[in-house]
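A.B. asks: Whatever this is, show me its structure:
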Amino acid sequence: MRHKKEVAQRSNTQRVQSLTNQAVIADKCYVAERFFDRLRGLIGTTAFASGEGMLFPRCNDIHMWFMSISIDVVFIRRERTAEGRTNWKVSSVHAGVRPWRFLPLRDSRATETLELPVGTIGRCAIRAGDELCIS
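C.D. replies: You can find the predicted model right below:
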């Protein structure tokens, strides 16, 4: 991921894996927790390498204004079990979302948004209903 300042310096990273088919979706997923990281997102990014991703907690919509690259978008729903365990389920997927998309992309059932390099959804066979491990 290429920014003027590396996102990794400002954000913690997580690994995202499908528990449905064991595919590693992103082994370097930046978590946008802070306001500026969330505001900037991937704006200004000119390269997004395979294995990278950006997770937006408490986010169920995105826009593509000022973006220079297409991305894959996975909306995730966080669920708590009776035992207190957290489950991460894919709510919806959107492959190849193009830059400068006028209308926001939204999933009202989602609690998190995962942005990935184009082709990741197909390569990892991500589908709505898949369970994920974020660690």
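
A.B. asks: Show me the shaky parts of this protein.
C.D. replies: 1-11 (pLDDT under 70).

A.B. asks: That one: strands as residue ranges?
C.D. replies: With DSSP state E as the criterion, the chain has strands at 12-18, 24-31, 52-57, 61-62, 71-80, 86-97, 105-106, 112-117, 131-134.

A.B. asks: The fifth one packs against which elements?
C.D. replies: Secondary structure elements in contact with strand 71-80, counted by 3 or more Cβ pairs under 8 Å, 6 or more residues apart in numbering; DSSP states H and E, are strand 86-97, strand 112-117, helix 120-123. The C-beta positions use only the backbone N, C-alpha and C, and glycine is treated the same way.

A.B. asks: buried residues in it?
C.D. replies: For strand 71-80, a neighbour-count test (16 or more other Cβ atoms under 10 Å) marks 71-78 as buried.

A.B. asks: got CSV for the residues you listed, with distance to Trp88 too?
C.D. replies: Compiled in CSV, these are given as follows (distance: Cβ to Cβ, whole Å):
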residue, distance to Trp88
Ile71, 19
Asp72, 17
Val73, 15
Val74, 10
Phe75, 11
Ile76, 5
Arg77, 8
Arg78, 6
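
A.B. asks: circling back to that earlier point, among the helices and strands packed on strand 71-80, single out whichever gets nearest to Ala26.
C.D. replies: Across these, the minimum distance to Ala26, taken as Cβ to Cβ, is reached by strand 112-117, at 6.4 Å.

A.B. asks: Please enumerate residues in contact with that closest one?
C.D. replies: Under the criterion Cβ atoms under 8 Å, 6 or more residues apart in numbering, residues 16, 25-26, 29, 41-42, 48-50, 52-62, 71-78, 88 lie in contact with strand 112-117.

A.B. asks: Right, I'll call it a day here.
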